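>>> fold the following and give me the result.
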Amino acid sequence: MAKQIQYLKAENEVLRARLPEHIRTTPAERAKLLIFGKPLGASIKDVITIVHPRTFARWVAREAGLVQPRPLRRRRTPEQIRALVIRIAREIGWGYTRIVGELRKLHIRKISRCLDRSPHR
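Here you go, the predicted structure:
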């Protein structure tokens, strides 16, 4: 049995080397990992490689109801882009909705129509 585990660890290392750096797990995958990982206790740190041990610990704490998940928030639009869009709106006379629509045609989607708000509000 120990030789099989040793082989599977080596095989996982080879497969992980071919994957992208960040792997997103689904809730079903997390549940499966929790089922098999929780009984290992602290020794999970020696085995776990798909996620960081602290991530696994956070999953365990979340499952136990000890912590609440953080709300997902999008980063603010950089100040340079905000200023540029506002300048275009003033100089050309386009509305923010039209500017955002034109940017989307260029596949620039990470911008909001709420650019006219100052960062101190």
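>>> quick check, central residue of this structure?
residue 24 (7.6 Å; C-alpha atoms, centre = their mean).
>>> that one and residue 80, how far apart?
Distance, residue 24 to residue 80, using C-beta to C-beta, to the nearest Å: 30 Å. Using the backbone N, CA and C atoms, a C-beta is placed for each residue, glycine as well.
>>> again, but for residue 102
18 Å.
>>> ok, residues contacting the lengthiest helix in the chain?
Counting residues, the longest helix in the chain under DSSP state H turns out to be helix 2-17. Contact with helix 2-17 is made by 47, 49, 50, as judged by C-beta atoms under 8 Å, 6 or more residues apart in numbering.
>>> find the nearest non-adjacent residue to the last one, please.
To tie it back to what came earlier, the one meant is residue 50. Distances taken as C-beta to C-beta, 6 or more residues apart in numbering place residue 23 nearest to residue 50, at 6.1 Å, with adjacent residues excluded.
>>> what's the answer for the first one, then?
In space, not counting the residues next to it along the chain, residue 47 is nearest to residue 40; the distance is 6.6 Å by C-beta to C-beta, 6+ apart.
>>> quick one: that neighbour and residue 56 touch, right?
No. Using C-beta atoms under 8 Å, residue 40 is not in contact with residue 56; the gap is 9.8 Å.
>>> and the two? Which one has more around it.
residue 56 (20 against 13; other C-beta atoms under 10 Å).
>>> check contacts around the more buried one.
Applying C-beta under 8 Å, 6+ apart, the residues near residue 56 are 33, 37, 44, 48.
>>> and it, how far is that from residue 106?
Going from residue 56 to residue 106 by C-beta to C-beta gives 40 Å.
>>> then residue 62?
For residue 62, the distance to residue 106 (C-beta to C-beta) stands at 39 Å.
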